[in-house]
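Q: Need the 3D shape of this:
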Amino acid sequence: MDLLHSINDFNEAKQVIPGGVNSPVRAFKSVGGTPPFISKGKGCHLFDADGNCYIDFVQSWGPLIFGHCDADIQKNVSLAIQNGLSFGAPTELETTLAKEIISLYEGIEKIRLVNSGTEATMSAIRLARAYSQKDDIIKFEGCYHGHSDSLLVSAGSGCATFGFPSSPGVPKDFSKHTLVARYNDIDSVKSCFEVGEVGCVIIEPIAGNMGLVPADANFLKELRILCDKYKAVLIFDEVMSGFRASIKGTQGYYDTIPDMATFGKVIGGGMPLAAFGGKSEIMNILSPLGSVYQAGTLSGNPIAVSAGIASVCKIKQNPQIYPQLEKLANTLMSGFKNNAEKYGFSLQTSVRGSMFGFFFNNSTVKNFQDAQKSDTALFAKFHQKMLEQKIYLACSQFETGFICTPMNESIIQTAIKAAENSFAQMAKDNVKRT
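A: The predicted structure is shown next:
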């Protein structure tokens with residue numbers, strides 16, 4: 001496969017951008033090779049600088065549920081641009097989008113728009129701490145909530161230990177109030193509550209940043225009980241799963257209702273947009289009503305909000321897309337798994353709505369420790385073989401894949417055939433199996 005232009009583009013980018021990319025995973029370090037530099041997208045396809053066309057199972061890491069260049073979203077954006085790019089003042093559009101999100105998500109009574117998932121989770125935690133009047137937070141190994149200082153924390157020797165920074169530049173004093181528990185392990189959460197003054201718990205109820213790992217329903221129910229017992233705010237991070245797993249996010253799969261939730265990706269339709277919301281009694285302590293400060297010049301900018309309105313309204317008008325997308329995702333993962341086993345490779349798969357994930361692992365993955373036992377070298381080989389066949393997969397074992405509405409059975413079967421060819425070649429090359 002010719003990647004000459006991408007190689008040149010990557011080398012040039014490295015001269016002026018750290019690592020040549022503006023988000024680390026894009027550098028392809030975990031899978032090797034040169035990242036294709038993308039020139040355009042259309043539907044379920046990407047086109048790179050060398051003219052190669054790929055079936056795209058990344059979809060900008062989730063936002064593009066209707067694929068690239070959706071006509072309805074582009075029309076809304078084009079109309080909005082004619083009125084101006086940004087006002088730094090309130091618009092009717094912001095209220096419209098807020099109402100649409102609230103109407104679909106139980107437990108959210110008020111919402112505030114921001115620009116990124118990192119802003120949303122950071123602000124939600126600040127608000128939750130102020131409401132509970134307690135400083136400690138609980139997060140879970142393998143759950144990513146953006147790159148704010150208190151959330152860049154890994155577990156210590158045990159799950160009920162105070163966290164330590166997982167990135168240089170994060171002072172220990174910032175992370176000392178973050179306790180790290182094990183995903184799907186309620187006992188580890190209980191231990192954290194026993195050693196800290198916990199003001200809030202934040203979790204991806206469908207984790208998408210250790211690969212796709214859904215929470216157990218009973219685990220979330222017990223988490224709700226613990227938060228009520230200790231008067232801690234329960235935050236669901238639905239930046240990835242919101243309007244992706246179902247029209248109601250994780251509420252399409254679980255009965256547990258959080259006190260607060262964060263959203264992003266799909267609600268922006270491909271534009272930089274996110275939000276955090278919750279019960280009125282919590283949200284009302286946010287400035288200008290209360291004393292908890294949060295602000296942003298471009299928050300709720302009319303272009304991103306217009307894209308978001310088009311995306312969410314189109315979802316409401318076409319709720320049948322979710323079972324259709326889930327069927328395609330299940331077919332894809334069944335095809336991958338069957339072909340892996342055919343050639344002697346052990347593969348674990350998972351699907352939630354239009355989200356899918358797979359691990360080169362001998363056992364079911366229930367948490368980050370399980371995920372870390374996966375064979376990342378094997379994943380890298382598979383990723384390289386698939387890319388050679390123009391199948392664009394997430395470039396890390398610990399990321400999630402996405403189905404979009406322009407995909408159909410033919411597209412899925414093309415990807416399954418490419419997987420069979422990849423596994424066959426890997427077996428022929430005597431690639432070490434898990």
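
Q: can you give me how far the biggest helix by length in the chain is from the chain middle?
A: In the chain, taking DSSP state H as the definition, the longest helix is helix 321-342. Offset of helix 321-342 from its chain centre (CA atoms, centre = their mean, to the nearest Å): 20 Å.

Q: what's that helix packed up against?
A: Judged by 3 or more CB pairs under 8 Å, 6 or more residues apart in numbering; DSSP states H and E, the packing partners of helix 321-342 are strand 348-352, strand 355-359, helix 409-428. All C-beta atoms are positioned from the backbone trio N, CA, C, and that covers glycine.

Q: Highest mean neighbour count out of the ones you listed?
A: Mean neighbour count, computed with mean count of other CB atoms under 10 Å, is highest for strand 355-359 among the helices and strands packed on helix 321-342, reaching a mean of 26.

Q: beta partners for the nearest residue to K390 once chain neighbours are set aside?
A: Nearest residue to K390 in three dimensions, chain neighbours excluded: Y54, at 4.7 Å (CB to CB, 6 or more residues apart in numbering). Beta-bridge pairing of Y54 under DSSP bridges involves L46.

Q: now the helices and strands packed on helix 321-342 as CSV including mean pLDDT and distance to F382?
A: As requested, the helices and strands packed on helix 321-342 are exported to CSV (pLDDT from 0 to 100; distance: least, CB to CB, whole Å):
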stretch, mean pLDDT, distance to F382
strand 348-352, 98, 13
strand 355-359, 98, 9
helix 409-428, 97, 6
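
Q: show me where pLDDT drops low in the stretch 101-250 of the chain?
A: 149-150, 152-167, 171 (pLDDT under 70).

Q: Quick one: the strands in it, in order.
A: Chain-ordered strands for the stretch 101-250 of the chain, with DSSP state E, counting those that start in this stretch as the definition, fall at 110-114, 136-140, 153-154, 164-165, 178-181, 198-203, 206-207, 213-214, 233-238.

Q: quick one: which of the ones you listed is nearest T376?
A: Across the strands of the stretch 101-250 of the chain, T376 has its closest neighbour in strand 213-214 (15.8 Å, CB to CB).

Q: Show me the contact partners of the closest one.
A: Contact with strand 213-214 is made by 142, 183-184, 205-207, 253, 350, 352, 357, 365-368, 370-371, as judged by CB atoms under 8 Å, 6 or more residues apart in numbering.

Q: now stretch 314-334
A: Everything outside stretch 314-334 that qualifies as a contact, by CB under 8 Å, 6+ apart, is 65-66, 70, 72-73, 100, 104, 243, 246-247, 252, 266, 349-356, 358, 403-405, 407-409, 412, 415-416.

Q: quick one on the thing from earlier: list the buried residues in the longest helix of the chain.
A: Burial within helix 321-342, assessed by neighbour count using 16 or more other CB atoms under 10 Å, is assigned to 321-322, 325-326, 328-329, 331-333, 335-337, 339-340.

Q: angle of it against strand 355-359?
A: Counting by axes from the mean of the first three to the mean of the last three CA atoms, to 10 degrees, helix 321-342 points 10 degrees away from the direction of strand 355-359.

Q: any idea of the mean pLDDT for helix 321-342?
A: Per-residue pLDDT over helix 321-342 has a mean of 98.

Q: for stretch 301-310, same thing?
A: The average pLDDT within stretch 301-310 is 98.

Q: And for stretch 3-12?
A: 96.

Q: chain center to that stretch, what's the gap?
A: Centre to centre, stretch against its chain (CA atoms, centre = their mean), the figure for stretch 3-12 is 28 Å.

Q: re the thing from before, do I have it right that the residue nearest to K390 meets Q389?
A: No: with the criterion set as CB atoms under 8 Å, Y54 and Q389 do not qualify as a contacting pair; they are 9.2 Å apart.

Q: Ramachandran coordinates for T262?
A: Its backbone dihedrals place T262 at phi -120, psi 150, with angles given as degrees, to the nearest 10.

Q: Leaving out sequence neighbours, find the closest residue to it.
A: A120 (4.0 Å).

Q: give me every residue that touches that neighbour.
A: The neighbours of A120, taking CB under 8 Å, 6+ apart as the test, are 114, 146, 239, 262-264, 274-276.

Q: For the residue most central in space within the chain, which non-adjacent residue is closest in space?
A: The C-alpha lying nearest the average C-alpha coordinate of the chain belongs to M240 (CA atoms, centre = their mean; 3.3 Å). Nearest non-adjacent residue to M240, counting by CB to CB, 6+ apart: G208, 4.2 Å away.

Q: how much space between the residue nearest to T262 and A340?
A: Separation of A120 from A340 (CB to CB, to the nearest Å) stands at 36 Å.

Q: picking up where we left off before, from the buried residues of helix 321-342, which is closest to D228?
A: Top of the list for closeness to D228, among these and by CB to CB, is Y322 at 30.3 Å.

Q: Quick check: buried residues in stretch 133-147?
A: 134, 136-147.

Q: would you list those residues in TSV and tack on distance to F193?
A: Conversion of these to TSV gives the following (distance: CB to CB, whole Å):
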residue	distance to F193
K134	11
D136	9
I137	12
I138	8
K139	13
F140	14
E141	16
G142	20
C143	17
Y144	22
H145	19
G146	24
H147	26
